[in-house]
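Asks: The sequence and its predicted three-dimensional model are supplied below.
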Amino acid sequence: MPLAGELTSSLISRAADRYGLPAAGVLRLWTCRNSPARNDGGGVRADAEIVLNEAGRAVLAELCGVGPAVLAHALPAFTVDDPKIGTGREAALPQARWRAAGAVAGEAAFACRLCTARRTGQTVRAVRYLPRWQRVCVRHGRWLLDADADQPLEHLDLRGGSAHCATPNTQLNPDPTGRPHSGTK
């Protein structure tokens, strides 16, 4: 089942994991017309998104066991058309094109693994389209990091903040009466 706002490529990777296959094995269901963007280290970028043609969308719906309407609702890139794979003699074949998530539907960040496990039963990496102001997982106290950076971390733990962060800042938190805050009680 897709997560709300998930990258199509992330869902394909999670589906492959569910079947015990590498993502490359499942990607063979589509004719890929280019390669995903790579990090300086050579690995595929976490925000690499895949755009499918109509036949490719039908394959993904069958793979996931849900209707195309469910995928269209959850996956922002699911209905994005690419003229290079949606027209021509081979339009009836399931095809895919790799693109950067930011060029398809916006900024991408790692999803909270604990929330992903809770919703899907899988403790694997997921990537979602999330603007920066929606990147805090309140349930688990995590700041979800950008997926476009070549980094080992997916989140920062916000629960163990320092004492300085936990105490009110007198300049940012004035006395509710409007009087200057003295810092003493």
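Replies: Cool, the structure landed.

Asks: For the residue lying closest to Val59 once chain neighbours are set aside, give me the backbone phi and psi.
Replies: Using CB to CB, 6 or more residues apart in numbering and skipping residues adjacent in sequence, the residue nearest Val59 is Pro94, 4.5 Å away. Every residue, glycine included, has its C-beta placed from N, CA and C. With angles defined as degrees, to the nearest 10, Pro94 sits at phi -70, psi 120.

Asks: can you tell me how far Pro94 sits from Trp30?
Replies: 5 Å (CB to CB, to the nearest Å).

Asks: higher neighbour count, the two?
Replies: Trp30 (21 against 18; other CB atoms under 10 Å).

Asks: list the contacts for that one?
Replies: Ile50, Leu52, Gly56, Val59, Pro94, Gln95, Ala96 (CB atoms under 8 Å, 6 or more residues apart in numbering).

Asks: Then Glu49 would be within a strand, right?
Replies: Yes: using DSSP: H, G, I helix; E, B strand; the rest coil, the secondary structure at Glu49 is a strand.

Asks: Do you know the pLDDT at the nearest residue to it once chain neighbours are set aside?
Replies: Distance criterion CB to CB, 6+ apart; nearest residue to Glu49, sequence neighbours excluded, is Ala101 at 4.3 Å. Predicted confidence (pLDDT) for Ala101: 92.

Asks: That's all I had, so thanks and see you.
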